[in-house]
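K.L.:
Got a sequence here, can you build the structure:
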Amino acid sequence: MKKLSVLLLFIAITLFSQAQVATNIYWVQFTDKNNSPYSIDNPEAYLSPRALQRRANLGISIDEYDLPVNPQYLQAVADCGAELLNPSKWLNGVTVHVTDPAVIEAINALEFVEVTRNCPNDLKAQEKKERWLAKEMQAVESVKGFRGYYGGGTTQITQINGMALHDSGYQGQGVVIAILDGGFIGTETHPAFANMRDEGRLLGTRDFVYGSTSVYSQSTHGTSCLSTMAAYVPNTFVGTAPKASYYLLHTEDAPNENIVEEYNWVSGAEYADSLGVDVCSTSLGYIGFDMSEWDHPQSHFDGKTAPASIGAEIAVSRGMICLNSAGNEGEPWDDSGYCTLGVPADAEHVLTIGAVDGDGNRAWFSSVGPTYDGRIKPDVMAMGQDTYVASSDGGYYNGSGTSFSNPVMAGAVACLRQARPYASVQEICDAVRACSDRANNPDNRYGYGIPDFSQALELLSVEEPTGNTPAHIISVYPNPSNGEVHVALNELHKAELTVYDIMGRKLYAYSFNGLNHTTLERYLNTLSDGVYFINAVSQSGSETLKLVITK
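P.N.:
Here you go, the predicted model:
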């Protein structure tokens with residue numbers, strides 16, 4: 001069995017749950033979304049206020065991809081005797097558990113079912129995978145004696161100049177990151193995440209593998225990845241986005257390698273989109289499976305064939321910045337053009353992250369491109385060899401794999417998103433590539449190189465609004481604010497203002513005529529650190545602007 005790019009090299013031995021996903025899993029592909037009770041004209045029925053606001057900020061329209069799977073179709077499949085697992089609106093289908101072949105025959109007979117696809121596990125292949133994990137996933141003892149604010153994370157954030165973002169007040173406040181991974185053992189107790197938990201910035205969790213109530217089982221992988229971004233223990237370990245908010249989504253079935261995990265990933269990304277997530281960080285990738293009939297040949301690595309790659313492209317089109325680890329299949333490397341990436345790292349608009357050591361040298365295991373259609377991958381590099389991470393037992397260690405370089409980068413990108421809330425996904429990713437040290441001579445080993453986020457911030461500053469949305473009904477400044485907020489009306493007539501928090505909850509309403517700014521400013525000055533949205537409605541139209549407060 002091919003080794004998986006999803007799992008990093010040299011981390012603590014993963015603890016697996018005794019429960020196993022049933023082997024009789026199928027993908028049911030529907031033909032259409034006809035006669036759906038959902039409508040493009042009423043997106044509030046299936047997208048959160050925050051998801052709608054992200055689309056508004058980036059000028060993205062609601063389309064058919066946003067419509068949920070027709071619930072009548074799902075009910076009909078269930079009525080055939082199938083257990084529904086995870087529907088996918090972007091791929092327009094559902095994964096199901098079926099033990100009776102007659103049920104599949106009945107499902108195939110439904111007029112709106114295009115095809116069913118069997119996604120079985122192979123127990124012998126599973127055993128081989130677990131033996132490989134036990135042999136190679138060994139922790140490397142943490143380097144001692146770190147000093148300074150970032151502690152053990154100093155080298156990895158210094159290498160990409162992420163401190164420049166932090167020093168400017170951008171530590172991820174108000175930005176929401178989703179991590180799609182194989183489990184988060186220890187996250188609920190580790191001191192590295194105490195600040196996140198105490199401040200309510202762990203927004204939620206969901207298990208797309210077992211449908212259980214907890215993601216704190218099966219694997220330590222997600223815990224270590226999360227720590228590179230979210231850790232906040234000054235002078236011990238501070239991550240690249242220590243003040244961001246997080247969703248933890250379990251989509252990877254660590255003991256198995258099954259194509260259903262790609263469908264799980266897409267369902268997880270859809271869920272993140274519906275919540276209004278800004279950045280999706282995935283240290284997963286798929287090449288071969290327990291059943292070799294589902295292995296991806298080279299022709300699949302074109303960014304538009306594998307289910308997860310299709311889903312990733314749709315996710316980006318919704319306005320989420322998606323980052324994915326390149327994979328750990330980089331050796332042996334030659335000039336043959338053989339792609340060793342895992343999907344969805346091959347997707348064109350996903351920012352694919354390779355690994356370097358602390359000196360900037362490519363890690364021997366870091367996967368390479370080009371994609372099957374000839375595009376350069378990885379896109380950029382970050383520290384993924386001897387990266388400082390949290391372990392599930394409450395301690396820290398140095399681990400290696402593109403699984404770690406990816407979230408190091410994702411945290412910095414989240415801070416860049418905070419600084420430039422109206423920049424498109426393409427503009428953000430282009431800036432990261434353009435400010436990298438090999439931008440003038442990219443290749444398929446290093447991509448565009450190691451970014452400098454101070455330069456990326458500068459590159460985006462020309463196009464970024466300074467506090468107003470394009471309609472300019474009102475001005476709010478400075479933005480970001482250290483707590484002293486000023487508001488001005490840019491029109492002769494009045495505007496009705498409504499203030500919302502990051503979750504879309506209405507906080508305050510005010511009839512603003514431009515002369516009564518003191519009352520409004522006094523209220524805004526009472527707001528705590530975070531991101532807020534101010535909707536203004538006047539005779540000329542409406543606009544919504546984003547206010548960032550960092551006291």
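
K.L.:
Off-centre distance for the helix or strand hosting Thr544?
P.N.:
Assignment of secondary structure by DSSP states H and E places Thr544 within strand 541-549. Strand 541-549 has its average C-alpha position 24 Å from the chain's average C-alpha position, going by Cα atoms, centre = their mean, to the nearest Å.

K.L.:
That strand packs against which elements?
P.N.:
The criterion is 3 or more Cβ pairs under 8 Å, 6 or more residues apart in numbering; DSSP states H and E, and the helices and strands that strand 541-549 contacts are helix 49-58, strand 474-477, strand 530-538. C-beta: built from backbone N, CA, C; applies to glycine.

K.L.:
Comparing those, which comes out most buried?
P.N.:
When you average the neighbours per residue for each of the helices and strands packed on strand 541-549 (mean count of other Cβ atoms under 10 Å), strand 530-538 leads with a mean of 21.

K.L.:
Show me what counts as buried in whichever strand or helix holds Asp430.
P.N.:
Assignment of secondary structure by DSSP H and E places Asp430 within helix 425-434. Going by neighbour count (16 or more other Cβ atoms under 10 Å), the buried part of helix 425-434 is Val425, Glu427, Ile428, Cys429, Ala431, Val432, Arg433.

K.L.:
want to throw those into TSV with distance to Ala326 and pLDDT?
P.N.:
Formatted as TSV, the buried residues of helix 425-434 follow (distance: Cβ to Cβ, whole Å; pLDDT from 0 to 100):
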residue	distance to Ala326	pLDDT
Val425	19	93
Glu427	22	91
Ile428	19	94
Cys429	15	94
Ala431	20	92
Val432	15	96
Arg433	14	94
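
K.L.:
and of these, the nearest to Val343?
P.N.:
Each of the buried residues of helix 425-434 was checked against Val343 using Cβ to Cβ; the closest is Cys429, at 18.3 Å.

K.L.:
Distance check, that closest one against Arg318.
P.N.:
Here the distance between Cys429 and Arg318 works out to 15 Å (Cβ to Cβ, to the nearest Å).

K.L.:
before we move on, back to that, could you work out the most separated pair of the buried residues of helix 425-434?
P.N.:
Taking every pair in these and measuring Cβ to Cβ, the maximum separation is 12.7 Å, between Val425 and Arg433.

K.L.:
quick check: longest helix of the chain.
P.N.:
Of all segments of type helix in the chain, defined using DSSP state H, the longest is helix 402-419.

K.L.:
What angle do strand 530-538 and that one make with each other?
P.N.:
Taking axes from the mean of the first three to the mean of the last three Cα atoms, to 10 degrees, one finds that helix 402-419 is oriented at 40 degrees with respect to strand 530-538.

K.L.:
okay, now the domains of the chain?
P.N.:
By the assignment in automatic domain parsing, the chain contains the domains 25-118, 124-461, 474-549.

K.L.:
Just name the most buried of those domains.
P.N.:
Mean neighbour counts were compared across the domains of the chain using mean count of other Cβ under 10 Å; the top stretch is domain 124-461, at a mean of 22.

K.L.:
in the sheet, who's paired with Val96?
P.N.:
When bridges are assigned using DSSP bridges, the partners listed for Val96 are Tyr26, Leu84.

K.L.:
Equivalent analysis for Ile179, please.
P.N.:
So, taking DSSP bridges as the rule, Ile179 has Leu248, Ser281 as bridge partners.

K.L.:
how much does the longest helix of the chain deviate in direction from strand 541-549?
P.N.:
Taking the same axes, to 10 degrees, one finds that helix 402-419 is oriented at 120 degrees with respect to strand 541-549.

K.L.:
Helix 402-419 vs helix 425-434, what angle?
P.N.:
Interaxial angle, helix 402-419 versus helix 425-434 (the same axes, to 10 degrees): 120 degrees.

K.L.:
What segments of the stretch 151-300 of the chain are helices?
P.N.:
For the stretch 151-300 of the chain, the helices defined by DSSP state H, counting those that start in this stretch occupy 154-158, 163-167, 194-198, 221-230, 260-275.

K.L.:
Please tell me I have it right and Asn513 contacts Lys494.
P.N.:
Yes. In terms of Cβ atoms under 8 Å, Asn513 counts as a neighbour of Lys494; the distance is 4.2 Å.

K.L.:
Make CSV from the helices and strands packed on strand 541-549 and add mean pLDDT and distance to Asp452 to it.
P.N.:
What follows is these, written out as CSV (pLDDT from 0 to 100; distance: least, Cβ to Cβ, whole Å):
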stretch, mean pLDDT, distance to Asp452
helix 49-58, 90, 25
strand 474-477, 83, 28
strand 530-538, 84, 25
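
K.L.:
I'd like those laid out as JSON lines, including distance to Ala414.
P.N.:
Rendered in JSON lines, the data for the helices and strands packed on strand 541-549 read as follows (distance: least, Cβ to Cβ, whole Å):
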{"stretch": "helix 49-58", "distance to Ala414": "13"}
{"stretch": "strand 474-477", "distance to Ala414": "22"}
{"stretch": "strand 530-538", "distance to Ala414": "12"}
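
K.L.:
Which one of these lies nearest to Asp393?
P.N.:
That would be strand 530-538 among the helices and strands packed on strand 541-549, by Cβ to Cβ, at 32.4 Å.

K.L.:
Name the surrounding residues that touch the closest one.
P.N.:
Surrounding strand 530-538, the residues in contact under the criterion Cβ atoms under 8 Å, 6 or more residues apart in numbering are 53, 173-175, 418, 473-474, 476, 491, 493-502, 504, 507, 512, 542-549.
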